[in-house]
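Visitor: Give me the fold of what follows.
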Amino acid sequence: MSIKIQNAILEDSRGLGVVHSESWKVAYKGIVPDSFLEKMTVGNSKKRFERALSQGIEKNIVAFEGDQIVGFMCIGKSRDDDSNHSVGEIWGIYVLPSHWRQGIGTELLLYGLSSLKAEEYSKVTLWVLEDNINARRFYEKHGFKYDGTKKELNLGKELNEIRYVKDLALPYSSLDSAVRLEDG
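Guide: From the prediction side, this is the model:
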C-alpha cells in the first residue's frame with residue numbers, strides 16, 4: 001500500500017466528506033447517539049469542508065491511496081481560551097474504517113505534527129471524547145498526555161471531552177523528516 005500525504009484542496013471536499021461521515025459512524029457507535037450519527041452524511045460533511053477550505057478556516061491534510069482519499073487530519077491554531085500563539089491544535093484525525101490499523105493515522109499524525117512544528121508552534125493540543133478509548137490509546141502511544149482539562153459536549157446527549165497535550169519543542173527526527181519528504 002502506497003500512501004501519499006498532501007494538503008487538501010477544494011476539489012477534495014467530497015472525499016473528505018466520505019471519510020468524515022463513514023469514520024464517525026463506526027468510531028462513535030455506542031458513544032454518540034445513533035440519532036446524531038444518522039445526520040453525519042457525505043453531503044453534509046462535503047458542504048462543511050467546501051466552506052472550510054474556501055474560507056481558509058482550517059488546514060486539512062489528506063492521505064491518498066491511489067486517487068482515493070482514505071484519511072485526513074485537520075490542524076490549526078489552538079481554539080482554547082487558555083492558550084496563546086505558541087499552541088497549535090489537532091482538530092481531528094479520521095481514517096476510513098476499512099483502512100484502520102494500517103499506519104495511515106500515524107503517517108497523518110507525524111506529517112501534521114511536523115507541519116505544526118514548522119509553523120513554530122511549541123506545543124500541540126487535541127480534544128477527544130472521554131469514552132473513545134481507541135483514540136485515547138492512539139494518542140497516548142504517540143506521546144500525548146491528558147492534562148486534566150475536561151469539558152462537556154452535547155451531541156444528542158451529554159458527553160465529556162478531555163484535552164491531551166504534547167510538547168513540540170523536543171527534537172523529533174521522524175517529525176522533521178516527514179516534512180522534508182513532502183517538501184523535497
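
Visitor: could you pull out the helices for the chain?
Guide: 13-27, 34-37, 42-55, 104-118, 133-141, 173-183 (DSSP state H).

Visitor: got TSV for these, with mean neighbour count and distance to Ser98 too?
Guide: All C-beta spots, glycine's among them, are computed from the backbone N, C-alpha and C. As requested, the helices of the chain are arranged in TSV below (neighbours: other C-beta atoms under 10 Å; distance: least, C-beta to C-beta, whole Å):
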stretch	mean neighbour count	distance to Ser98
helix 13-27	20	8
helix 34-37	14	18
helix 42-55	15	15
helix 104-118	21	11
helix 133-141	14	16
helix 173-183	13	24
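
Visitor: Where does pLDDT dip in this protein?
Guide: Applying pLDDT under 70 to the chain picks out residues 1, 170-184.

Visitor: hmm, try it at 90
Guide: 1-2, 56-58, 83, 156, 169-184 (pLDDT under 90).

Visitor: rewinding a little: put together CSV for the helices of the chain, with distance to Gln68 on each row.
Guide: Output for these, formatted as CSV (distance: least, C-beta to C-beta, whole Å):
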stretch, distance to Gln68
helix 13-27, 7
helix 34-37, 23
helix 42-55, 14
helix 104-118, 12
helix 133-141, 22
helix 173-183, 19
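
Visitor: out of those, nearest to Lys4?
Guide: In terms of C-beta to C-beta, the element of the helices of the chain nearest to Lys4 is helix 173-183, at 9.0 Å.

Visitor: Next, work out how far apart Ile69 and Lys151 are.
Guide: 30 Å (C-beta to C-beta, to the nearest Å).

Visitor: one step back: of the helices of the chain, which is nearest Val62?
Guide: helix 13-27 (6.9 Å).

Visitor: Now do the closest one: distance to the chain's middle.
Guide: 12 Å (C-alpha atoms, centre = their mean, to the nearest Å).
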